[in-house]
Structure formats: C-alpha cells, structure tokens
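A.B. asks: here are the coordinates; sequence isn't available:
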Ligand SMILES: [Zn+2]
C-alpha cells in the first residue's frame, strides 16, 4: 500500500504513547501533505533534541542544557526543593507552575520486587545537595503508591539529621495515584496543603 519508508515512519509513530496505528497513519498523511509547515519543522525539532538532550547534573531533569532551564531560572525560590520519582513528575508539576521552587529527580522508586535499592536512586546526591545549605524546605512529592510511600519515608529519614523542614503532599491524592496522571487541580491542592512528614 505504501513504501517501506512510509511504513517505517507509521510504525515508529504508532509506538508512541497515546498514538495507535490509526492516529499514526493520519499523522503521516498530514506530514506528507504539509511538507513545509509540518514535516520540515518536525525534522528540525527532532534533530535538535537528539543532538542536545542532556540530563541536568544538578536535578536530574532532562533538557537541552546542563544545568537545565529550571535550575537556572532566577525567579524560582532556591530555598524550596521538590523531590519527585521521575522526570515525568517534574514536568507534570511544572506544567502549570504549581511549584515555585526547584526540583530533584530520584530516577525511580525503591522496590524490593524490582531490586531497586537506595544506591540506585539519586538519594545520596539529594542529601549532598541539601547538606550544601541554602535549602529550608524539601517537599517529597512521591506517587501515592506503596513503593512511592516507602521511598518517601526512606528519603525523609536520610534528610532528618540535616535540620530542614521535610514535607509530604497532603492526603487526598488518590491511593495508587501517579502524579503524571493527576489533573492540575488535584495536584495544586495536594501541594498547597502539604504537611510535615511524621
Ligand atoms: Zn536541573
């Protein structure tokens, strides 16, 4: 029906989250029809991202600059730090500018089942960052899953000797809720009503 090149493009797009074969075919048709206004800018954007993508050495965010745009943004409160499991969580919180401070991405969650230990996550880096000083409050914004909560309590224990206020998101997060899937209203509420970790 179509050339191997078009098939390959359709299949690559169909593997993206949120797209299926049908949406992928429509996207390919659109790109073919709009070569100048859709295809060319997409190629340029993909090339730029592939060329420049780096992990921020400070917070673990993925961006095209290191340190990332979040870490270098002077409008953010450097005394407030929000700890998340994944880059997707950082982006979810930052999409609506829900948090005015900076972030720290752990790179996952503790899991006995999957063999994820504290040293597999950026916990030591977090402790070092807080120990450096200048941070007054750490918000542990882990997912409301069993593993997320286990991770939260472990991280809180590691931060306890450093004398910073260690906060958690308010109850009201749906149990099993992953931050990336929550609407902005729920996230804003959970952040605003944050409380000390007990
Ligand atoms: Zn950063």
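C.D. replies: Received the coordinates, thanks. All of these numbers come straight from a predicted model, not from anything done at the bench. Numbering: from 1, shown residues only.

A.B. asks: Provide the secondary structure category for the nearest residue to residue 140 once chain neighbours are set aside.
C.D. replies: Leaving aside its sequence neighbours, residue 140 sits nearest to residue 152 (CB to CB, 6 or more residues apart in numbering; 4.6 Å). For glycine as for every other residue, the C-beta is placed from the backbone atoms N, C-alpha and C. Put simply, residue 152 is helix when judged by DSSP: H, G, I helix; E, B strand; the rest coil.

A.B. asks: could we number from 4 for the rest of this?
C.D. replies: Renumbered: residue one is now 4, and that last one reads residue 155.

A.B. asks: how many other residues sit next to residue 155?
C.D. replies: 23 (other CB atoms under 10 Å).

A.B. asks: Looking at it now. What's its pLDDT?
C.D. replies: Reported pLDDT at residue 155 in the predicted model: 95.

A.B. asks: Return the distance of residue 135 relative to the ion.
C.D. replies: The gap separating residue 135 from the ion is 15 Å, by CB to the ion, to the nearest Å.

A.B. asks: same thing with residue 144?
C.D. replies: Distance of residue 144 to the ion, computed by CB to the ion: 16 Å.

A.B. asks: So the protein: which segments form each domain?
C.D. replies: As assigned by automatic domain parsing, the chain contains the domains 7-55, 65-199.

A.B. asks: Deepest-packed of the ones you listed, please.
C.D. replies: Of all the domains of the chain, domain 65-199 has the most neighbours on average by mean count of other CB atoms under 10 Å, namely a mean of 17.

A.B. asks: where does the chain have low pLDDT?
C.D. replies: 4, 174-180 (pLDDT under 70).

A.B. asks: can you give me the strands in it?
C.D. replies: Per DSSP state E, the chain carries strands over the ranges 57-58, 65-66, 83-87, 105-108, 140-143, 168-171, 198-199.

A.B. asks: I'd like the ones you listed as TSV, with distance to residue 41 appended.
C.D. replies: Listed next are the strands of the chain as TSV, based on distance: least, CB to CB, whole Å:
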stretch	distance to residue 41
strand 57-58	27
strand 65-66	25
strand 83-87	33
strand 105-108	32
strand 140-143	40
strand 168-171	44
strand 198-199	47
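
A.B. asks: out of those, which comes closest to residue 26?
C.D. replies: Closest to residue 26 of the strands of the chain is strand 65-66 (CB to CB; 24.6 Å).
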